[in-house]
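Novice: Fold the following for me, if possible:
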Amino acid sequence: MHPVTRVKLSFMMFLEFFIWGAWFVTLGTYLLSELSTSATQVGVAFLTQSIGAIAAPFIIGLIADRFFPAQRILGVLHLLGAALLWYASITTDFDTFYPTILVYMVLYMPTLALVNSVSFRQMQDPSKEFPPIRVLGTLGWIVAGLTIGWLNWEQDGNLGLTFRMAAIASAVLGLFSFDLPHTPPVKAAGKATVGDMLGLEAIGLLKNRSYLTFFLASVAICIPLAFYYNFTNPFLNELGMDSAAGKQAMGQMSELLFMLLMPLFFVRLGVKKMLAIGMFAWVVRYVFFAFGDIDTNYWMLIGGIVLHGICYDFFFVTGQIYTDNLAGPRFKSAAQGMITLATYGVGMLIGSLLSGVIVDAFQTSGGGHNWQSVWLIPAGIAAVVLILFLLLFRDRNAGQEATEPQPLNTASGQIKVTSLP
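Specialist: Now for the predicted structure:
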């Protein structure tokens, strides 16, 4: 790859995730403290991510795959997104804010697949060339969190500025996208079925009992995942943690570390143990949050954040590799699309609805929350999913090939995997 192309793709990936991390991490705190919403409304706001994830395959399948170059669609979507984020920053009530952020997420979620498409089409060996570029995305998320903490926007009640910061970055990426390498459609214009766009042609994988177990576990584990993304920042701020968004960036730092160590763990542990350790980490994380505090048990709060690397890499990245290995050459992309729709679409949707209701149910008379009771619920859900997974998952049909990592499918120049850092 030409060095200039590498720099362009890295800058694109940095901005892509900087934009998301700039407002998403502190969204719950912003809504509760500055728009005076209920926790249920916070859950509904985070639900827009799931709606966007469900809509993304239609936008990619109907437009980007068939009619227009990916980099131009990326540019248009981010320019529209910049306007919506700026407008969101000046809204004063939830009834105006919600439809704005809903439309924004419907436009933003497809860009996660588009930046991957643009990247892979420029690579000769994606398994080696993509990770150093993708890691800039995680770095962008980290820088966004550290910036919010450094500027003290959480404590000063200025979280509306996070949307403006994201809007400026979105406008920059929107304009910059038109200078990215040309990435034409990979399919001829024509009729696209709903099944093609949602990856349903890979549904035959569910006939494998162990894969069905993994698939259902993936949906179920995303329910407690929603608790983390939706309410960790409000929880930490309510406890009085300084620069909570900056502290949360340590979760992405641990993700980088465990991503580098994953090949070693794969060889020694295999798929089942990797997935089980990932789910067990969810249980430990929520127990830490339940019993952590700002004084003597402060280490539990930090430990719960740092466990993000194991929670995400050991379960979700391992799951993507496991899916890729079982799918075979014909259905690799379809299988990734199906598991993404199930997790970030269905699983996170259920979790977002449930988490808000539960947090509201444990609100105290003084306006705070009984967080210990709140966090023990996702801990219990994750524990049940782990136990059922250990009892039912056998992986008889995957064989030895599923014990070593393989590069995700890039035959078409795309990877339809939507992932949170």
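
Novice: Every contact and neighbour count from this point should use C-alpha atoms.
Specialist: Fine.

Novice: Low-confidence stretches in the stretch 151-300 of the chain?
Specialist: Across the stretch 151-300 of the chain, the ranges flagged by pLDDT under 70 are 186-202.

Novice: mind listing the helices for it?
Specialist: Per DSSP state H, counting those that start in this stretch, the stretch 151-300 of the chain carries helices over the ranges 153-156, 160-177, 194-198, 209-239, 244-291, 298-306.

Novice: Skipping adjacent residues, who's closest to residue 353 in space?
Specialist: Spatial nearest neighbour of residue 353, chain neighbours left out: residue 43 (5.4 Å); criterion: C-alpha to C-alpha, 6 or more residues apart in numbering.

Novice: same check, this time on residue 105
Specialist: Per C-alpha to C-alpha, 6+ apart, closest to residue 105 is residue 52, 5.2 Å.

Novice: For the one you found, what is the enclosing helix or strand?
Specialist: helix 39-59 (DSSP states H and E).

Novice: who's in contact with that helix?
Specialist: 27-28, 31-32, 98, 101-102, 105-110, 194, 197-198, 230, 337, 340-341, 344-346, 348-349, 352-357, 359-360, 418 (C-alpha atoms under 8 Å, 6 or more residues apart in numbering).

Novice: Dump the helices of the stretch 151-300 of the chain into a markdown table; add distance to residue 116 as well.
Specialist: Listed next are those as a markdown table, based on distance: least, C-alpha to C-alpha, whole Å:
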| stretch | distance to residue 116 |
| --- | --- |
| helix 153-156 | 32 |
| helix 160-177 | 13 |
| helix 194-198 | 17 |
| helix 209-239 | 23 |
| helix 244-291 | 18 |
| helix 298-306 | 27 |
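
Novice: okay, the ones you listed in TSV with distance to residue 87 and mean neighbour count next?
Specialist: Formatted as TSV, the helices of the stretch 151-300 of the chain follow (distance: least, C-alpha to C-alpha, whole Å; neighbours: other C-alpha atoms under 10 Å):
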stretch	distance to residue 87	mean neighbour count
helix 153-156	19	16
helix 160-177	9	22
helix 194-198	31	17
helix 209-239	22	22
helix 244-291	23	20
helix 298-306	31	20
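
Novice: which stretch among those comes nearest residue 18?
Specialist: Among these, helix 160-177 comes nearest to residue 18, with 7.4 Å by C-alpha to C-alpha.

Novice: Give me the helices and strands touching the closest one, please.
Specialist: helix 3-24, helix 70-90 (3 or more C-alpha pairs under 8 Å, 6 or more residues apart in numbering; DSSP states H and E).

Novice: Nearest to residue 209, out of the ones you listed?
Specialist: Here helix 3-24 is closest among the helices and strands packed on helix 160-177 (C-alpha to C-alpha), at 35.6 Å.

Novice: what mean pLDDT would you report for the next helix or strand after the closest one?
Specialist: Downstream of helix 3-24, the first helix or strand assigned by DSSP H and E is helix 27-34. For helix 27-34, the mean per-residue pLDDT is 91.

Novice: same question, stretch 373-380
Specialist: Per-residue scores along stretch 373-380 average to 95.

Novice: same deal with stretch 81-90?
Specialist: 96.

Novice: Next, the buried residues of it.
Specialist: For stretch 81-90, the neighbour count (16 or more other C-alpha atoms under 10 Å) marks 81, 82, 83, 84, 85, 86, 87, 88, 89 as buried.

Novice: Quick one: those residues as a markdown table, columns for distance to residue 143 too.
Specialist: Listed next are these as a markdown table, based on distance: C-alpha to C-alpha, whole Å:
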| residue | distance to residue 143 |
| --- | --- |
| 81 | 20 |
| 82 | 19 |
| 83 | 22 |
| 84 | 22 |
| 85 | 19 |
| 86 | 20 |
| 87 | 23 |
| 88 | 22 |
| 89 | 20 |
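
Novice: need the contact list for the nearest residue to residue 146 once chain neighbours are set aside.
Specialist: Closest residue to residue 146 apart from its sequence neighbours, by C-alpha to C-alpha, 6+ apart: residue 246 at 4.2 Å. Going by C-alpha under 8 Å, 6+ apart, residue 246 touches 142, 145, 146, 147, 148, 149, 150.

Novice: Could you rerun that using 6 Å?
Specialist: For residue 246, the contact set (C-alpha atoms under 6 Å, 6 or more residues apart in numbering) comprises 145, 146, 149.

Novice: quick one on the thing from earlier: neighbours of the residue nearest to residue 353, how many?
Specialist: Residue 43: 27 surrounding residues under other C-alpha atoms under 10 Å.

Novice: Repeat that for residue 292.
Specialist: Burial of residue 292 is recorded as 21 neighbouring residues (other C-alpha under 10 Å).

Novice: ok, now which ones touch it?
Specialist: Residue 292 sits next to 298, 300, 301 when contact means C-alpha under 6 Å, 6+ apart.

Novice: I'd say the second one and residue 288 touch.
Specialist: The reference is to residue 300. Yes. Between residue 300 and residue 288 there is a contact at 4.9 Å, judged by C-alpha atoms under 6 Å.

Novice: What distance do you get for residue 387 to residue 394?
Specialist: Relative to residue 394, residue 387 is positioned 13 Å away (C-alpha to C-alpha, to the nearest Å).

Novice: so what sits against both of those two?
Specialist: Counting by C-alpha under 6 Å, 6+ apart, nothing touches both residue 387 and residue 394.

Novice: quick one: stretch 129-145 to chain centroid distance?
Specialist: Relative to its chain's centre, stretch 129-145 lies at 13 Å (C-alpha atoms, centre = their mean, to the nearest Å).

Novice: make that stretch 146-156, sorry
Specialist: On C-alpha atoms, centre = their mean, the centre of stretch 146-156 falls 22 Å from that of its chain.

Novice: before we move on, what about stretch 171-180?
Specialist: Worked out by C-alpha atoms, centre = their mean, stretch 171-180 lies 23 Å from the chain centre.

Novice: Outside of it itself, list whatever touches it.
Specialist: 71, 72, 75, 78, 79, 82.

Novice: can you pull the contacts of the second one?
Specialist: When contacts are counted by C-alpha under 6 Å, 6+ apart, residue 72 touches residue 178.

Novice: Quick check: it vs residue 134, distance?
Specialist: 20 Å.

Novice: what's the answer for the fifth one, then?
Specialist: Using C-alpha to C-alpha, we find residue 79 at a distance of 22 Å from residue 134.

Novice: All set, thanks.
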